[in-house]
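Q: model this:
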Amino acid sequence: MSEQQEIQQQDEQRAVRRMPDPLALIVGLVSLGIAGSGFLGRAPDLSAFDARWLLAGGAVVLGLVLLVASVRKR
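A: The predicted structure follows:
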């Protein structure tokens with residue numbers, strides 16, 4: 001087997017072991033849930049939901065991601 005074929009085979013093996021993007025998976029599942037509830041005609045009651053908590057939670061998550069990224073070795 002030539003060296004180029006070995007490199008190509010290693011690249012294919014790496015591509016097979018890839019994990020799905022967790023953020024995209026979560027957003028996709030939430031979207032499916034919202035679409036399913038809309039299709040069934042059962043809209044969730046969001047009157048008690050305050051969007052400021054979502055903004056605050058996003059800021060905390062972003063801060064943690066930036067902190068981990070700054071500490072991680074390159």
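
Q: any idea how far residue 11 is from residue 34?
A: Using C-beta to C-beta, to the nearest Å, we find residue 34 at a distance of 38 Å from residue 11. Bear in mind the C-beta positions are built from the backbone N, C-alpha and C, glycine included.

Q: which is the next helix or strand following the helix or strand containing residue 32?
A: Secondary structure assigned from DSSP states H and E places residue 32 in helix 22-40. Past helix 22-40, further along toward the C-terminus, the next helix or strand under DSSP H and E is helix 51-71.

Q: could the C-alpha coordinates of the least confident helix or strand in the chain by mean pLDDT be exported in CSV?
A: Counting by mean pLDDT, DSSP states H and E, the weakest-scoring helix or strand in the chain turns out to be helix 3-16, with a mean of 70. Once side chains and other backbone atoms are set aside, the C-alpha atoms of helix 3-16 remain, and they are given as CSV (Å, rounded to 0.1, in the frame of the first residue of the first chain):
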residue,chain,number,x,y,z
GLU,A,3,1.9,6.2,1.6
GLN,A,4,-0.8,8.3,0.0
GLN,A,5,-3.4,5.5,0.4
GLU,A,6,-2.5,5.0,4.0
ILE,A,7,-2.9,8.8,4.7
GLN,A,8,-6.3,8.7,2.9
GLN,A,9,-7.4,5.7,4.9
GLN,A,10,-6.4,7.4,8.2
ASP,A,11,-8.4,10.5,7.2
GLU,A,12,-11.4,8.3,6.5
GLN,A,13,-11.1,6.6,9.9
ARG,A,14,-11.0,10.0,11.6
ALA,A,15,-14.1,11.2,9.7
VAL,A,16,-16.0,8.1,10.8
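
Q: okay, the residue nearest the centre of the chain: pLDDT?
A: In the chain, the C-alpha closest to the average C-alpha coordinate belongs to residue 23, at a distance of 0.9 Å (C-alpha atoms, centre = their mean). The predicted local distance difference test score for residue 23 is 82.

Q: and the gap between it and residue 65?
A: For residue 23 relative to residue 65 (C-beta to C-beta), the value is 10 Å.

Q: distance from stretch 21-36 to the middle of the chain?
A: Remark: stretch 21-36 is offset 9 Å from the chain centroid, using C-alpha atoms, centre = their mean, to the nearest Å.
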